[in-house]
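Asks: structure, please.
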Amino acid sequence: MTKTTVSFDQAIQQLEEIVRQLEQGDVPLEDAISLYKKGMELSSVCHDKLHNAEKQLISIMDENGEKVPFNATEKEDASK
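Replies: Residues are numbered from 1 along each chain as shown. Next up, the predicted model:
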C-alpha cells in the first residue's frame, strides 16, 4: 500500500476497523502486531493528507489574483 493509492476516507475506515479488531482483544499477538503496523501506516497517510489540505487552505488570493498566505490574526488586528 502506498500513501497515494488510498483516499483519506478509505484510510480512516480501515483505521477504524483495525482499532475495532484490536479493542476486541481476541487477535493473536502476531496479527495484532501486523494490524498495529498497518494502523500506523494509515495514520501517517491521514496525517499527510490533512497536512496537505491545511497547506491548501492557508493561502488565499489577494486583489491582484496572487496567492498569499492567510493570517487570521493579522486580519483581526487590522479590524481593531
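
Asks: run the chain-centre distance for stretch 21-40.
Replies: 21 Å (C-alpha atoms, centre = their mean, to the nearest Å).

Asks: name the helices or strands packed onto the lengthiest helix in the chain?
Replies: Longest helix of the chain, by residue count under DSSP state H: helix 29-57. Counting contacts by 3 or more C-beta pairs under 8 Å, 6 or more residues apart in numbering; DSSP states H and E, helix 29-57 is packed against helix 8-24. The C-beta positions use only the backbone N, C-alpha and C, and glycine is treated the same way.

Asks: what mean pLDDT does the helix it packs on have?
Replies: Average pLDDT, helix 8-24: 96.

Asks: quick one: that helix to helix 29-57, angle?
Replies: Counting by axes from the mean of the first three to the mean of the last three C-alpha atoms, to 10 degrees, helix 8-24 lies at 150 degrees to helix 29-57.

Asks: run through the bridge partners of residue 67.
Replies: On the basis of DSSP bridges, residue 67 is bridged to residue 61.

Asks: pretty sure it sits against residue 56.
Replies: No. Residue 67 is beyond contact range of residue 56, at 10.1 Å (criterion: C-beta atoms under 8 Å).
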